[in-house]
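[1] Sequence and predicted model, in that order:
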Amino acid sequence: MPDSQTRTHIAIAARNVTLSLGESGNQTQILKGIDLEIPLGQSVALLGPSGSGKSSLMAILSGLERATSGEVTVAGLDFGPMDEDGLAKARRGRIGIVLQAFHLLPTMTALENVAVPLELAGRDDPFGTAARELEAVGLGHRVTHYPSQLSGGEQQRVAIARAMAPGPDIIFADEPTGNLDGTTGDAIIDLLFGRQKASGATLLIITHDPALATHCDRVIEMRDGLIIADRAGGAA
Ligand SMILES: Nc1ncnc2c1ncn2[C@@H]1O[C@H](COP(=O)(O)OP(=O)(O)OP(=O)(O)O)[C@@H](O)[C@H]1O
C-alpha cells in the first residue's frame, strides 16, 4: 500500500516520544523514546507496572500533555506545533476520555453532564443525543439523577456516555474499572467494548488486569518509560 494510503488508516502515531519532568538540573525522564502506530478501529490494552509511564503516554497521546521531544500525530493531526488551545480544539469531538475517577460535574444531572459538552461544541440537538447515549449505556431511567444519587458503576456509565456522545475517533480509558467491584467492573468493560465496536472507534485502555487483554486486539507492555512488548491480544 502506498505510504499516504497507509497513513490514513493510522489513528495514533508516536515517533521517538520522550517526556522529562521536574526542574531543570533535576529532571526525571519519564518516557524514553516511544514508537507506536495504532490503526483505526483497533483496541489496545496498555499494561505495565506502576510508574512505568502508562498514564504519561496516554496524557500525551490524548493531547492533555505535551511531549518533551518526538512526533505525535493523532486522528490525522500533528500535535507538535499546537499550543494548549490548539490541543483542546483538536481533542474536541475527536477524542473521548474515560478516567478511573469519573470526573462528572456534581451540580449537573446525568443528562446535563453528557449534553453540556455537546452544546458547548455547537452540536445539533445536544439533549436528544445525550438522552440516546444514556439509553445506550442502560441509564435511560436515570437521566435526571445527580452524580451523588448514582452508584459508582452508574457514574462510570455516564462517563462512558459522555465520552462516546460526540462520536470520537479515539477513546482513551485509564483504568476505567479501578474504583469498581469485580462484577460492576466486568459490566463496564463489556459496555465500553460494545460501544467501541458499535462506533468503530479506536480504543486505548490502561489496565492492571491481564484478563482484559482477552478483549483487546493488541497488548502493549511498558516498563521504565519504554515499550518492552507488543503482541496480539485475545480478540485479534
Ligand atoms: N509531575 C511529575 N514530576 C515528576 N515525576 C512525575 C510527575 N508525574 C509523574 N511522574 C513520575 O512519572 C513516572 C510515570 O508515571 P505514570 O503515572 O505515567 O505511570 P503509570 O505507569 O501510569 O503508573 P500507575 O499504574 O501507578 O498509574 C512515575 O515514576 C511518576 O512518579
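    Perfect, thanks for sending it.
[2] Which residue ranges of this protein form strands?
    Using DSSP state E, the strands of the chain run over 10-21, 28-39, 43-47, 69-74, 77-78, 95-98, 170-174, 202-206, 218-223, 226-232.
[3] Pick the most deeply packed of the ones you listed.
    A comparison of these by mean neighbour count, using mean count of other C-beta atoms under 10 Å, puts strand 202-206 on top with a mean of 25. Where you see a C-beta, it was placed from the backbone N, CA and C, and this is true even at glycine.
[4] who does that one pair up with?
    Sheet pairing of strand 202-206 (DSSP bridges) gives strand 43-47 (parallel), strand 170-174 (parallel).
[5] quick revisit: take the strands of the chain and lay them out in CSV including distance to the ligand and mean pLDDT.
    CSV is the format used below for the strands of the chain (distance: least, C-beta to the nearest ligand atom, whole Å; pLDDT from 0 to 100):
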stretch, distance to the ligand, mean pLDDT
strand 10-21, 4, 96
strand 28-39, 4, 96
strand 43-47, 9, 96
strand 69-74, 16, 95
strand 77-78, 23, 90
strand 95-98, 14, 92
strand 170-174, 8, 94
strand 202-206, 6, 96
strand 218-223, 7, 96
strand 226-232, 12, 97
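[6] Distance to His141 added to those, as CSV?
    Formatted as CSV, the strands of the chain follow (distance: least, C-beta to C-beta, whole Å):
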stretch, distance to His141
strand 10-21, 34
strand 28-39, 36
strand 43-47, 29
strand 69-74, 36
strand 77-78, 38
strand 95-98, 22
strand 170-174, 25
strand 202-206, 27
strand 218-223, 36
strand 226-232, 39
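[7] before we move on, the earlier item: now tabulate the strands paired with strand 202-206 in a markdown table and tack on distance to Asn113.
    A markdown table is the format used below for the strands paired with strand 202-206 (distance: least, C-beta to C-beta, whole Å):
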| stretch | distance to Asn113 |
| --- | --- |
| strand 43-47 | 25 |
| strand 170-174 | 17 |
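[8] Please name whichever of those is nearest to Gly96.
    Smallest distance to Gly96 across those (C-beta to C-beta): 4.4 Å, for strand 170-174.
[9] Other residues contacting that closest one?
    For strand 170-174, contacts defined as C-beta atoms under 8 Å, 6 or more residues apart in numbering pick out 11-12, 54-55, 58, 61-62, 74-75, 94-100, 163-164, 192, 196, 201-206.
[10] Distance from the longest helix seen in the chain to the middle of the chain?
    In the chain, taking DSSP state H as the definition, the longest helix is helix 182-199. For helix 182-199, the separation from the chain centroid amounts to 14 Å (computed by C-alpha atoms, centre = their mean, to the nearest Å).
[11] helices and strands around it, which ones?
    Contact here means 3 or more C-beta pairs under 8 Å, 6 or more residues apart in numbering; DSSP states H and E; on that basis helix 182-199 packs against helix 152-164, strand 170-174, strand 202-206.
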